[in-house]
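**Q** Prediction below, plus the sequence it came from.
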Amino acid sequence: MIRTLHLAIGAAGLLLFVLTGQYMERFAGVPELPDTERMLYRSNHIYLLLVCACNIAAGFFMKPAGPANVLQMSCSVALMALPFLFAVAFFIEPASGSLERPITRLSLFLAFGTVSLMLISELWSRVRGTGE
């Protein structure tokens, strides 16, 4: 079930990635914007692609977890929330023209922390001999 959710959110996010690209080109006029605003739009656009790819990878490679695996479930929830957070940041933060982007910063820290915890968990299970 959780694997299917990761795949669905990743796929929906990829569609959103295409649509935000069209939004930048046709509605926001990003190619004509000043460098700062153009960079803010494009960076959040690419971050959205990154977290959608992470969700798709999680959907393919995550092992089915039992109810006791709280860490994996927490990481899954965080990973599935990231496309939403980056979409919000995409539409809100570039318009301010400020390099201070609290939603993006929080989302990037959450992405780094989530993937790091998943890696540590996997390495720990292999050291203990419970992993593949």
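**A** Okay, I see it. Computed from a prediction, not measured in an experiment: that's the story for all the values here.
**Q** got the buried residues for the lowest-mean-pLDDT helix or strand in the chain?
**A** Within the chain, no helix or strand scores below helix 102-128, which has a mean of 91 by mean pLDDT, DSSP states H and E. For helix 102-128, a neighbour-count test (16 or more other CB atoms under 10 Å) marks 103-104, 107-108, 110-111, 114-115, 118 as buried. In this view, the C-beta of every residue, glycine as well, is placed from N, C-alpha and C.
**Q** In CSV, list these along with distance to Leu7.
**A** Conversion of these to CSV gives the following (distance: CB to CB, whole Å):
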residue, distance to Leu7
Ile103, 25
Thr104, 25
Ser107, 21
Leu108, 23
Leu110, 20
Ala111, 18
Thr114, 17
Val115, 17
Met118, 16
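**Q** Val127: which of those residues is nearest?
**A** Met118 (15.2 Å; CB to CB).
**Q** Show me the helices in the protein, by range?
**A** Counting by DSSP state H, the segments of the chain that form helices are 2-26, 35-61, 70-92, 102-128.
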